[in-house]
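Participant: got a predicted structure plus its sequence, pasted below:
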Amino acid sequence: MNRLLFILTVFMTLSFFSSVAQSKELIKEFKGSDSTTTAEFEVKAPWIVDWMTTGDYGGSMALEVNLIKSPVGEYVGKIVSTKWVDNGVRLFNEGGHYRLQIKSNLINWRLKVIQLTKQEAEAYTPKQQ
């Protein structure tokens with residue numbers, strides 16, 4: 001009986017962690033150091049942009065990332081604007097076809113577009129500035 005209980009406990013634990021691991025889905029990843037506009041990507045709500053910067057010239061560096069509707073090019077909003085090594089996440093509750101417009105100077109950047117579940121989005125807490 002103890003062995004059966006052990007096997008059931010292990011199975012339930014593995015099932016739980018498997019479902020958690022599969023909940024987030026990487027849609028696109030972009031990285032570089034130059035100014036650019038990314039290729040189009042499609043996401044369903046909710047989703048996030050997980051961003052990170054690196055560099056050696058704090059205060060002299062610059063990164064601005066804007067969300068643009070594709071293919072029309074309509075400005076949706078600013079994701080990040082920084083002059084420092086930093087990271088963060090921005091949550092979006094509207095799906096569609098988008099591009100990221102990146103303006104960069106002396107800074108390395110990495111941007112991940114990640115699909116979330118509704119439960120993950122509900123648990124999201126914005127970073128205090």
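Facilitator: Thanks, I have it.

Participant: so where's the protein uncertain?
Facilitator: Where the chain drops to pLDDT under 70, the residues are 1-22, 127-129.

Participant: repeat that with 50
Facilitator: Counting by pLDDT under 50, the chain has low-confidence residues at 4-6, 8, 10-11, 13-21.

Participant: for it, which strand is longest?
Facilitator: For the chain, the strand with the greatest residue count under DSSP state E is strand 96-105.

Participant: flag every buried residue along the following helix or strand past that one.
Facilitator: Per DSSP states H and E, the first helix or strand lying C-terminal to strand 96-105 is strand 108-115. With burial defined by 16 or more other Cβ atoms under 10 Å, the residues of strand 108-115 counted as buried are 108, 109, 111, 112, 113, 114, 115. Placement of C-beta: from N, CA and C, glycine included.

Participant: in a markdown table: the residues you listed, plus distance to residue 122.
Facilitator: Compiled in a markdown table, the buried residues of strand 108-115 are given as follows (distance: Cβ to Cβ, whole Å):
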| residue | distance to residue 122 |
| --- | --- |
| 108 | 32 |
| 109 | 28 |
| 111 | 23 |
| 112 | 20 |
| 113 | 19 |
| 114 | 15 |
| 115 | 15 |
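
Participant: what two of the residues you listed are the furthest from one another?
Facilitator: Maximum pairwise distance among these (Cβ to Cβ): 24.9 Å, between 108 and 115.

Participant: contact partners for the closest residue to residue 87 other than its chain neighbours?
Facilitator: Nearest residue to residue 87, sequence neighbours excluded (Cβ to Cβ, 6 or more residues apart in numbering): residue 52, at 4.1 Å. Counting by Cβ atoms under 8 Å, 6 or more residues apart in numbering, residue 52 makes contact with 86, 87, 109, 110.

Participant: residue contacts, the third one?
Facilitator: When contacts are counted by Cβ under 8 Å, 6+ apart, residue 109 is found next to 30, 31, 32, 33, 51, 52, 53, 63, 65, 102.
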